[in-house]
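Colleague: Sequence plus the predicted model coming up.
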Amino acid sequence: MPDRIGIGYDIHRFVKGRKLVLGGIAIPHPKGLDGHSDADVVLHAVSDALLGAAGKGDIGEHFPDTDKKYQDISSLILLGRVYDLVSQDGYQVGNVDVVIQAEAPNLKNYKPRMRAAIAKALRIDESFVNIKATTHEGLGAVGRAEGIAAFAAVMLTKEK
């Protein structure tokens, strides 16, 4: 079976009264992201990329926002379950590449901890996880600092 590539995307709006969680870590910010789980757009994008590469649908199919057991759940737990699902078919993660789109907060100092959290959840070396952050230069909802979006690409390889 050849290597497989998947892409994922997620976006959530900011709300008051929630902590901001990105890439599996809490980040100081006056607002968090609105969502059924912890609304970690980074891990949701990575999860969707994994599921897409394996041909297993999307995160909403596996963890519906209508199911109370996923209310406020850590997306690290969900990512671990996605990894287990993908690895059942003999796949392992080759690499992960993420782009976070946010006007604020500045994520430069948090990227190493995000890489470590994602690598641990996917049972790979941190060198196989890359995270980039960019702004929208004031354009659109993300540019107006109404929320944060993330894209992820994942390579799956078949265990030999």
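Modeller: Everything's here; your move. Source: prediction; values computed, not measured.
Colleague: Next, the one residue sitting closest to the centre of the chain: secondary structure please.
Modeller: The centroid of the chain falls nearest to Leu43 when counting by Cα atoms, centre = their mean (1.8 Å). Under DSSP: H, G, I helix; E, B strand; the rest coil, the three-state class of Leu43 is helix.
Colleague: how near is the closest residue to it other than its chain neighbours to Ser37?
Modeller: Spatial nearest neighbour of Leu43, excluding adjacent residues (Cβ to Cβ, 6 or more residues apart in numbering): Ser75 at 3.8 Å. (Each C-beta comes from the backbone N, C-alpha and C, glycine too.) Applying Cβ to Cβ, to the nearest Å, the value for Ser75 to Ser37 is 6 Å.
Colleague: which neighbours do these two share?
Modeller: Residues touching both Ser75 and Ser37 by Cβ atoms under 8 Å, 6 or more residues apart in numbering: His44.
Colleague: higher neighbour count, those two?
Modeller: Between Ser75 and Ser37, counted using other Cβ atoms under 10 Å, the more crowded position is Ser75 (29 against 21).
Colleague: residues in contact with that one?
Modeller: Residues near Ser75 by Cβ under 8 Å, 6+ apart: Val21, Gly24, Ser37, Asp38, Ala39, Asp40, Leu43, His44, Ser47.
Colleague: from the residues you listed, which would you call buried?
Modeller: Val21, Gly24, Ser37, Asp38, Ala39, Asp40, Leu43, His44, Ser47 (16 or more other Cβ atoms under 10 Å).
Colleague: re earlier: between the contacts of Ser75, which sits nearest Ala153?
Modeller: Ser47 (12.9 Å; Cβ to Cβ).
Colleague: Phi first, then psi, for the closest one.
Modeller: When quoted as degrees, to the nearest 10, the phi and psi of Ser47 stand at phi -60, psi -40.
Colleague: neighbours of Gly90, just the number please.
Modeller: Using other Cβ under 10 Å, Gly90 has 12 neighbouring residues.
Colleague: Please tell me how far it sits from Phe151.
Modeller: From Gly90 to Phe151 the distance is 26 Å (Cβ to Cβ).
Colleague: swap in Asp3?
Modeller: As for Asp3, its distance to Phe151 is 20 Å (criterion: Cβ to Cβ).
Colleague: Those two: which has the busier surroundings?
Modeller: Ranked by neighbour count (other Cβ under 10 Å), Asp3 and Phe151 place Phe151 first, with 21 against 11.
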